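[1] heads up, no residue letters with this:
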Ligand code: GLN
């Protein structure tokens, strides 16, 4: 399985890592913040380190305080009285949670449908678990469309239907979407849910950016639809919600029938997640309502998004305004470089976008991620038109990046 070309090639995050780029390059590549988690969440982490029990293994399901905090926060959102013993599983980040789902449910050759572009980690995680990826396109806005938003990236339910075979085991729905920023509409999700029921497959609902939805748009949870709870595992991430991507704390919510096998896999893979930081995340979730934290955070992210997008407007470059997540895709098809430009060997055989992102990082001083990496080998030329910029950075950094980006003009 390790022979899969994509899984073994140098991962995109390492190529465009700051360590590989000039020291003063502004990193709008990998999606992590350049600001700290809130002080009151960090305080909960400090307190946890003083608690002997929180420095040791937690129950593989997760620390009880965190499971209770998740129940209180997510129960109302999912319209359910969640059972902390059987319907919540704390994982070592959302990635590990999804990996455990694949380990639990995929038999050799089982197919997983996903919308393309897709978060790159799905592919190796599925391949390592003997599954097969099946791709359905998200159709980009037409090149001539002015003022596009991420929701102008559309799905065609007939294409989803055509992708279904007797081997279809599950579909991954990622909303808000990385890298597009699309927030799937209720109608789109209803169409997907109807197919999942008609053909009896599972839904892995990757909602790690659920707290980052803009312009008053609604984040719709597919697990709340009629008869969907039984076949859906929803995925969440403290890293995204509390600016703590390195803490590696995520959680899955679903019915006992789906959580129990995933727990079995997760226990054998990592046994349990990081204990003290689970306590810290519990402390965070316990306070978000009284502090109106997520509401305030959304406004801050809208401002960050708007600073960066204003720079693209000024340049007259095309992008689709993201309605969720913290990524924006910029159309880089008109960025050009000298024929004799010296690119590193690691870019040999990679798409045009890999070169464009490298050129922009070296010459303009702002790093981004080439979007062909979010496509399978067969379709990667579609992604070559775009670079993904992350705006999970403080305003000052984004303003500086915006100034530098004007040199692209
Ligand atoms: N989810 C983050 C991003 O898309 C980080 C990905 C990773 O580190 N594998 O940028």
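    Sure, I can see it. Keep in mind that this is a model prediction, so the values were computed, not measured.
[2] For the stretch 51-200 of the chain, which residue gets nearest to the ligand?
    residue 178 (5.1 Å; CB to the nearest ligand atom). C-beta: built from backbone N, CA, C; applies to glycine.
[3] number of nearby residues for residue 10?
    10 (other CB atoms under 10 Å).
[4] quick revisit: can you tell me which residues contact the residue of the stretch 51-200 of the chain closest to the ligand?
    31, 119, 208, 209, 325, 327 (CB atoms under 8 Å, 6 or more residues apart in numbering).
[5] that's a helix at it, yeah?
    No. In this structure, residue 178 is coil, not part of a helix, as judged by DSSP: H, G, I helix; E, B strand; the rest coil.
[6] For residue 382, grab phi and psi.
    In terms of degrees, to the nearest 10, the main-chain angles of residue 382 are phi -70, psi -40.
[7] if I look at the closest residue to it other than its chain neighbours, how far off is residue 353?
    Of all residues not flanking residue 382 in the chain, residue 375 sits nearest, at 6.0 Å (CB to CB, 6 or more residues apart in numbering). From residue 375 across to residue 353, the span is 10 Å (CB to CB, to the nearest Å).
[8] Report the set of residues contacting both of these two.
    residue 383.
[9] quick one, which of the two is more surrounded?
    For residue 375 versus residue 353, neighbours defined as other CB under 10 Å are more numerous around residue 353 (25 against 21).
[10] correct me, but that one touches residue 388?
    No. Contact status for residue 353 versus residue 388: not in contact, 9.3 Å apart, counting by CB atoms under 8 Å.
[11] Okay, helices next: where are they in the stretch 201-350 of the chain?
    238-241, 256-270, 275-291, 293-315 (DSSP state H, counting those that start in this stretch).
[12] What helices and strands are in contact with the shortest one?
    The one in question is helix 238-241. Judged by 3 or more CB pairs under 8 Å, 6 or more residues apart in numbering; DSSP states H and E, the packing partners of helix 238-241 are strand 250-253, helix 275-291.
[13] who's in contact with that helix?
    32, 93-94, 208-212, 244-251, 277, 281, 284, 294.
[14] Okay, now the unreliable bits of this protein?
    Residue ranges of the chain with pLDDT under 70: 1-8.
[15] any idea where the strands of it begin and end?
    26-27, 88-91, 111-116, 132-137, 168-174, 202-206, 232-237, 250-253, 327-331, 366-367, 369-370, 386-390 (DSSP state E).
[16] Can you tell me, leaving aside adjacent residues, what's nearest to the residue most central in space within the chain?
    The centroid of the chain falls nearest to residue 178 when counting by CA atoms, centre = their mean (4.7 Å). Counting by CB to CB, 6+ apart, residue 119 is the residue found nearest to residue 178 once chain neighbours are left out, at 4.9 Å.
[17] do residue 174 as well
    When the adjacent residues along the chain are set aside, residue 174 lies closest to residue 206, with 4.2 Å between them (CB to CB, 6+ apart).
[18] ok, back up a step: of the contacts of helix 238-241, keep whichever come out buried.
    Neighbour-count burial (16 or more other CB atoms under 10 Å) is assigned, among those, to 32, 93-94, 208-212, 244-245, 247-251, 277, 281, 284, 294.
[19] need the contact list for the closest residue to residue 310 other than its chain neighbours.
    Spatial nearest neighbour of residue 310, excluding adjacent residues (CB to CB, 6+ apart): residue 402 at 6.8 Å. Contacts for residue 402 (CB under 8 Å, 6+ apart) come out as 307, 308, 310, 311, 314.
[20] Give me the ChimeraX select line for those, limited to the buried ones.
    Typed into ChimeraX, the next command selects the buried ones out of those (criterion: 16+ other CB under 10 Å):
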select :307,308,311
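[21] Near the ligand, which residues of the stretch 151-300 of the chain are found?
    residue 178 (CB under 6 Å from any ligand atom).
[22] at 8 Å instead, please
    Residues of the stretch 151-300 of the chain lying near the ligand by CB under 8 Å from any ligand atom: 178, 179, 208, 240, 245.
[23] Can you tell me which of these lies closest to residue 193?
    When those are compared for distance to residue 193 (CB to CB), residue 208 wins out at 19.8 Å.
[24] Name the nearest residue to that closest one, ignoring sequence neighbours.
    By the measure of CB to CB, 6+ apart, the closest residue to residue 208 outside its immediate chain neighbours is residue 237, 3.8 Å from it.
[25] related to what we said a few turns ago, so the residue nearest to residue 178 touches residue 209, yeah?
    No. Look at residue 119 against residue 209 with CB under 8 Å: they stay out of range, at 10.5 Å.
[26] Show the contacting residues for the single nearest residue of the stretch 251-400 of the chain relative to the ligand.
    Closest contact between the stretch 251-400 of the chain and the ligand, by CB to the nearest ligand atom, is at residue 390 (6.2 Å). Listed by CB under 8 Å, 6+ apart, the contact set of residue 390 reads 28, 29, 30, 31, 32, 326, 327, 368, 369.
[27] didn't the first one look like it was pressed against residue 364?
    So the one you mean is residue 28. No. Contact criterion CB under 8 Å: residue 28 and residue 364 do not qualify, at 10.8 Å.
[28] and the two? which has more neighbours close in?
    Between residue 28 and residue 364, counted using other CB under 10 Å, the more crowded position is residue 28 (29 against 18).
[29] Show the contacting residues for that one.
    By CB under 8 Å, 6+ apart, residue 28 lies in contact with 308, 366, 367, 368, 389, 390, 391, 393, 401.
[30] For the nearest residue to it once chain neighbours are set aside, give the beta-bridge partners.
    Of all residues not flanking residue 28 in the chain, residue 389 sits nearest, at 4.5 Å (CB to CB, 6+ apart). Legend: beta-bridge partners of residue 389 under DSSP bridges are residue 328.
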